[in-house]
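**Student:** Below is the sequence, then the predicted model.
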Amino acid sequence: MRDERAGTPRVRIAVIGSSRVGKSALIVRYLTRRYIGEYHSNTDLLYRQTVPINGTPVELEVIDVSGSNSDKFPAEQIQWADACLLVYAVTDRSSFEYATEVLSALKRAPCNGSPAHGVAGSSTGMPLALLGNKTDLDHLRQVSMKEGQTVSAAHGASFSEASVADNSGDLYRCVDRLLAEVRTPQRTRKFSVTKMLGSLIGGAANNSQASRSGSVVACPRVPAPSRPPLAAAAP
Ligand SMILES: Nc1nc2c(ncn2[C@@H]2O[C@H](COP(=O)(O)OP(=O)(O)OP(=O)(O)O)[C@@H](O)[C@H]2O)c(=O)[nH]1
């Protein structure tokens, strides 16, 4: 969390996961309460909205890290963020394995400029959450809740299962908890989103908690001539 522009605190969240696990649907659901059926994108998207956290307006920035490149470790996006939300689909074991790999890499890799705080056991000190999506498809389940709990506990992440389609309360609790964990003073910005491509959604819907304002903007992928492979993230 950091102060910018007239003292409004800002929180940056990176949402990471394999392709098609429901990252975009989750973010849009959280920010607007709406469900989008199809929102396929092969580029990172940046969502920005003012939200109340514990009664204080906070400028929330969420980067939706495209799953198209999930063979690459999203190092720049993680460095940019104050906290990470790892998403997998309970119907897709390979997506769970990818989320586990990223959590493992985060545990090994030091996070520059991030003082110790947040989740006990996370060596980065960065608040982490693991969320298993698509619980409405329980008949297609490939990952048990116990497995998710075990992996998250081992990596110092909070754990939830939810269905974005069914508008589970657990997805709001998961994100709210992650936001509440962010207590870091301003970190050095590791990459800048320099070229906003345009507003995709303006004037997000009001919700029952408090008035929200903001937009959804697309940003180009982080310049990454040689983004390190997952295994290279270890010190
Ligand atoms: N059944 C079910 N489908 C879901 C749920 N959440 C998302 N989906 C669907 O899963 C598909 C992928 O959702 P996206 O939000 O585009 O997934 P993504 O992770 O952003 O995908 P990439 O852009 O490829 O990284 C879409 O068809 C969504 O409608 C859910 O909770 N249940």
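**Tutor:** Here it is on my side, so go on. Just so it is clear, the structure is predicted and the values come from calculations on it, not from any experiment.
**Student:** The helix or strand hosting residue 47 close to the ligand?
**Tutor:** In this structure, residue 47 sits in strand 45-53 according to DSSP states H and E. No - using Cβ under 6 Å from any ligand atom, strand 45-53 stays clear of the ligand, coming no nearer than 8.5 Å. The C-beta positions use only the backbone N, C-alpha and C, and glycine is treated the same way.
**Student:** Tell me where this protein has strands.
**Tutor:** Here the chain has its strands, by DSSP state E, at 2-4, 8-17, 45-53, 56-64, 83-89, 128-133, 158-161, 199-202, 213-218.
**Student:** Now do the buried residues in the strand holding residue 47.
**Tutor:** Residues of strand 45-53 classed as buried: 45, 46, 47, 48, 49, 50, 51, 53 (neighbour count, 16 or more other Cβ atoms under 10 Å).
**Student:** that older thread, is it possible to export the strands of the chain to CSV including distance to residue 139?
**Tutor:** As requested, those are exported to CSV (distance: least, Cβ to Cβ, whole Å):
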stretch, distance to residue 139
strand 2-4, 44
strand 8-17, 22
strand 45-53, 31
strand 56-64, 28
strand 83-89, 14
strand 128-133, 15
strand 158-161, 15
strand 199-202, 33
strand 213-218, 33
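**Student:** Could you identify which of the ones you listed has the lowest mean pLDDT?
**Tutor:** Confidence, taken as mean pLDDT, is least for strand 199-202 of the strands of the chain (a mean of 29).
**Student:** what sits against residue 133?
**Tutor:** Going by Cβ atoms under 8 Å, 6 or more residues apart in numbering, residue 133 touches 21, 22, 26, 87, 88, 89, 90, 161, 162, 163, 164, 171.
**Student:** What distance do you get for the residue nearest to it when sequence neighbours are not counted to residue 104?
**Tutor:** Leaving aside its sequence neighbours, residue 133 sits nearest to residue 22 (Cβ to Cβ, 6 or more residues apart in numbering; 4.3 Å). For residue 22, the distance to residue 104 equals 22 Å [Cβ to Cβ, to the nearest Å].
**Student:** the more surrounded of these two?
**Tutor:** residue 22 (25 against 16; other Cβ atoms under 10 Å).
**Student:** That one reaches residue 166, doesn't it?
**Tutor:** No - shown here, residue 22 and residue 166 do not form a contact pair, counting by Cβ atoms under 8 Å, at 11.5 Å.
**Student:** Now for the closest residue to residue 128 other than its chain neighbours, how many residues are close by?
**Tutor:** In this structure, residue 128 finds its nearest non-sequential neighbour in residue 157, 3.8 Å apart by Cβ to Cβ, 6+ apart. The local packing of residue 157 (other Cβ under 10 Å) involves 27 other residues.
**Student:** Could you tell me how far residue 157 is located from the ligand?
**Tutor:** Separation of residue 157 from the ligand (Cβ to the nearest ligand atom, to the nearest Å) stands at 18 Å.
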